[in-house]
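**Student:** one predicted model, sequence on top.
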Amino acid sequence: MSAVPSRVNDFAIKIASVNGTGSASANTLLMKSIFRSGIPVMGKNYFPSNIQGLPTWYEIRVSKDGHVARSGKVDIMVCMNAETYARDVREVAPGGYLIYDSTWPRPALLKRDDVTVLGVPLAGLCNDNFKGVRTRILMKNICYAGVLAALLDLDLARIRELLAETYAKKPALVESNMQAIQLGYDYARAHFVCPLPLRVEQMDKTAGHIMIDGNTAAALGCVYAGATVAAWYPITPSTSLMDAFKSFADKLRVDPETGHANFAFIQAEDELAAIGMVLGANWNGARAFTATSGPGVSLMGEFLGLAYYAEVPAVLFDVQRVGPSTGMPTRTQQCDLLAAAYASHGDTKHVCLYPANPEECFYMAVQAFDLAERLQTPIMVMLDLDIGMNDWMCRDLKWDDAWKPDRGKVLGREELEKIEKFHRYVDKDEDGIPYRTFPGVHPKGAYFTRGSGHTQFGTYTEDATEYQIVLDRLVRKFATAKRLVPEPVFQGSGDTQAAIVSLGSCDGAIHEALDVIASRGVQLDYMRVRGFPFGEEVEKFLAAHEIIYVVEQNRDAQLKSLLTLETRVEKSKLRSLLHYSGLPVSSKFIVDGVLADLGEGRRAVTGVAS
Amino acid sequence: MTYIPKPKIAHPSLPRNELGLTRRDYEGSLSTLCAGCGHDSITAAIIEASWGISLRPENLVKLSGIGCSSKTTAYFVGGAHGFNSVHGRMPSIAMGANAANRDLYYIGISGDGDSLSIGLGQFCHAIRRNTDMLYIIENNGVYGLTKGQFSASADIGTKAKKGEVNQQPPIDPVLLAMNLGAGFVARSFSGDKAQLVPLIQAGLEYPGFALIDVLSPCVTFNDHEGSTKSYQYTREHYEPAVAADYVPFQREIKTDYGAGEAVPVMLHDGSRVLLRKLTEGYDPTDAHAAYDSVQQHIARGEYLTGLLHCRSTTETEFHALNRSPDQPLNGVPFGKLVPGAKALEKVLARYR
């Protein structure tokens, strides 16, 4: 597509810089000032597994229609990293703009006739106006934000307001940052025609919305769910979830009078210990959770099997990153779907939740604790790096003060007093869920928890029948879980021939893709699964469609595998659209994949980043 | 390997503790370990110790990993809550459980395989974290359930049943615990119930991580000539250095030795441990001196036993550092835990 004369509130900016140079502040500043102008915006950070000195990119998509995924196209590229300059130049869409630091000439690489090149002597401007190497580097990044402010017609007063909030305790920084903004702003106004056709214009589409990342929202959900024990081992990209929990809990959970912390925050020696602590705490009646990523899930496997079999509640957030093995720790994928669903040896299955955005992370975090206690089993909340670490625009999070936790089937002092004898694993209610007790409550409540073969009365066994009674009940419990996990979300008329099935962070790209595909005359129904095991609603949708595109972000079609294994769907109906480059899936990838398949005969489409 | 409940018949004349319970009330299911196993003697000592301090059975949490030793949690205090977890990971379960409810008693039973090989990391970190629990290692230098492989506590030169000689240096849990700063470090012998019972009582009451390494010969795989963990070897090379008497709160101190010889170590509830030196010049409150002394005995192939090191570590206990409320976290009402709708609105202001 060539440049459109006016693209107000509908374009993508990509900023290429070096990590550890303060570009994150500049990018957040830009994004928030657009958000505060009432315009829907998306920000995605593509960063290296490194502390300082490697290439990093930030993509801001301004979308008046509220699209939250990558478009797959870059309209304005800000080249702040000489190392990646060549590839960054190539990525700009025809008709787009390229901003670069013209302090030093780079003639050889500027050869693109179909984009407008705007040189700004950013380093020069900052070297002349600021002292100290570190300050000059940091200000150079703030300076490009000033350039963009002029080109896009951003409100400087709003930028100052944001800086004042960020540096509320360091007013001197507000002035120096503002000076850098002004330098870039003035230079752009003096040398280029401002604003560009790609620019922003005040809207009112962000009221009642926030910009938040999924890890933060999930952590907030844990605070609101009443979680008191958090145990973890640092691993990208889940660490910020625990950091956020600690930060919220320090503010919201410390008794102002006594200084007592109504939570325990334990940095474990490894993921095995982290999940062990979570099990110990849940077993003992606290709501406890951990957050990890793929390698951590692998390590936690043995304990997860114990929790499944001994029926100990647990909440685990898996913020998925690129595998296999160490993979690419700072890139996104949905590649632990199978590892989580079947974590551990033996006949083991786990309940999984699949939030699509930070808003769902908050609500599903709360729900996960209720489900864990209701079902007495681990609940895996499957985020990914894109949801967990990127800022998403979502509706305000709401809380109902009438909320009561569902602690599930727990016998308290009074109930135990009344019964003759307590048996831990007896299916009294025929829903597969037994009753449990907490230590120290009543002498009659004592029982022995074990991962070895046990009878429904909680005693050790190697007897075939006794063993199978418990194992078969666990199957019934899993069937109960189908009714309790969040239902799928459906879109469309429900009677199209072809449909899309997906989960999690693919959602934004799919919504946009469906609009584009519809504009080409093809209607598709869409189902986003939100929980595993899959319930009847999922079965019905799968049965009702002849061609089903399963969109997911991994190489091995893990969602498709799960659907094949765990539903009655005919395998030949499922076609995979697999995106596993490590970047969040773009709407373009889905549009291209579906149209290619529908148009050029029936073949599964896989692809790399676009 | 099967579960055999013990018949609950108590003779009316059996002595009763403050709760009106007899020793039989502190028993568990019947042991399925080999006849003569040292572990069963430790089980008996735990039963005696718990009865002696009138522990409410339902307030005791018994934790273990995998191995012969870990099976024993089923054999004592049947009215307690048990958690037999996975191999080498009991300490993390204990930490989580203790984080949730600081009011209960936690006793972890482990073995030399469970604690010094697969679980060495968790063992060390439980000490670092000063988890409030009594941690007993039933140490026999050998893997019993898998039939006689050396464990990490096997001494250099010790002989396996099939004749193989161990050549790798042992990991000594007592030295390791002292090195990591544990405040209650003891060694005992399964055959010395008189020494073991007060150690267990003191360890249960100690506010922080308490270790008792109990030499507990394996009659089936490590009780032959040439073994340094046999009954005979242990008896011959066993030197009690410090006798400990546990004195519960408000109870009259009856000792048969002069006050000058006994060093009291106060516990959090006002009860105390009286340390009585049996070896000239041994100071159990001095960690460095205790470490040196234990090490010298090991070099001579001897086991120094008793409460080898004891000092108060209340200020570094997990909940002290965590600033936990006195009330267990699992009992804090949700009304206090959930900040509510108004607070959420305030939080969201940061994300606009």
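**Tutor:** Nice, thanks for sending it over. Residues are numbered from 1 along each chain as shown, chains lettered A, B, ... in the order given.
**Student:** does any bit of the helix or strand harbouring residue A:468 sit next to chain B?
**Tutor:** Assigned by DSSP states H and E, residue A:468 belongs to helix A:464-484. No - shown here: helix A:464-484 not in contact with chain B (C-beta under 8 Å from any C-beta of the partner chain), separated by at least 9.9 Å. Using the backbone N, CA and C atoms, a C-beta is placed for each residue, glycine as well.
**Student:** for the helix or strand following that helix, the averaged confidence score.
**Tutor:** As assigned by DSSP H and E, the chain's next helix or strand after helix A:464-484 is strand A:489-491. Strand A:489-491 shows a mean pLDDT of 98.
**Student:** what are the phi and psi values at the closest residue to residue A:227 other than its chain neighbours?
**Tutor:** Nearest residue to residue A:227 in three dimensions, chain neighbours excluded: residue A:287, at 4.4 Å (C-beta to C-beta, 6 or more residues apart in numbering or on different chains). Per-residue torsions, residue A:287: phi -90, psi 120 (degrees, to the nearest 10).
**Student:** what pLDDT does residue A:287 get?
**Tutor:** 98.
**Student:** residue ranges with poor pLDDT in the stretch 101-250 of chain B?
**Tutor:** Counting by pLDDT under 70, the stretch 101-250 of chain B shows low-confidence ranges at B:249-250.
**Student:** so which residues of it form helices?
**Tutor:** B:112-116, B:120-128, B:173-179, B:193-205, B:231-236 (DSSP state H, counting those that start in this stretch).
**Student:** state the mean pLDDT of the helix holding residue A:468.
**Tutor:** 98.
**Student:** go through it and flag the buried ones.
**Tutor:** Buried residues in helix A:464-484, defined by neighbour count with 16 or more other C-beta atoms under 10 Å in any protein chain shown: A:466, A:469-470, A:473-474, A:477-478, A:480-482, A:484.
**Student:** what helix or strand is residue A:308 on?
**Tutor:** Taking DSSP H and E as the criterion, the element that holds residue A:308 is helix A:294-310.
**Student:** within range of chain A, give me the residues from the stretch 1-150 of chain B.
**Tutor:** B:1-3, B:5, B:29, B:56-59, B:61, B:73-74, B:78-86, B:89, B:91-101, B:103-104, B:121-122, B:124-125, B:129.
**Student:** make it 7 Å
**Tutor:** B:1-3, B:57-59, B:61, B:74, B:79-86, B:89, B:92-97, B:99-101, B:103-104, B:121-122, B:125 (C-beta under 7 Å from any C-beta of the partner chain).
**Student:** can you tell me which of the residues you listed are buried?
**Tutor:** For these, buried by 16+ other C-beta under 10 Å: B:3, B:57-59, B:61, B:74, B:79-86, B:89, B:92-97, B:99-101, B:104, B:121-122, B:125.
**Student:** remind me, longest helix of chain B?
**Tutor:** helix B:38-52 (DSSP state H).
**Student:** so after that helix, what's the next helix or strand?
**Tutor:** strand B:60-64.
**Student:** which helix or strand contains the closest residue to residue A:363 other than its chain neighbours?
**Tutor:** Leaving aside its sequence neighbours, residue A:363 sits nearest to residue A:221 (C-beta to C-beta, 6+ apart; 6.8 Å). In the assignment (DSSP H and E), residue A:221 maps to helix A:214-225.
**Student:** one more: residue B:281?
**Tutor:** Residue B:281 belongs to no helix or strand, assigned by DSSP H and E.
**Student:** which residues are in contact with it?
**Tutor:** Residues near residue B:281 by C-beta atoms under 7 Å, 6 or more residues apart in numbering or on different chains: none.
**Student:** domains for chain A, by residue range?
**Tutor:** Segmentation of chain A into domains, based on automatic domain parsing, reads A:10-191, A:212-395, A:413-484, A:489-607.
**Student:** surely residue A:35 meets residue A:43?
**Tutor:** No - between residue A:35 and residue A:43 there is no contact under C-beta atoms under 7 Å: 9.0 Å.
**Student:** between these two, which one's more packed in?
**Tutor:** residue A:35 (25 against 22; other C-beta atoms under 10 Å in any protein chain shown).
**Student:** for that one, give its distance to residue A:147.
**Tutor:** In this view, residue A:35 and residue A:147 are 19 Å apart by C-beta to C-beta, to the nearest Å.
**Student:** tell me which residue in the stretch 51-200 of chain A sits closest to chain B.
**Tutor:** Nearest residue of the stretch 51-200 of chain A to chain B, counting by C-beta to the nearest C-beta: residue A:165, 8.6 Å away.
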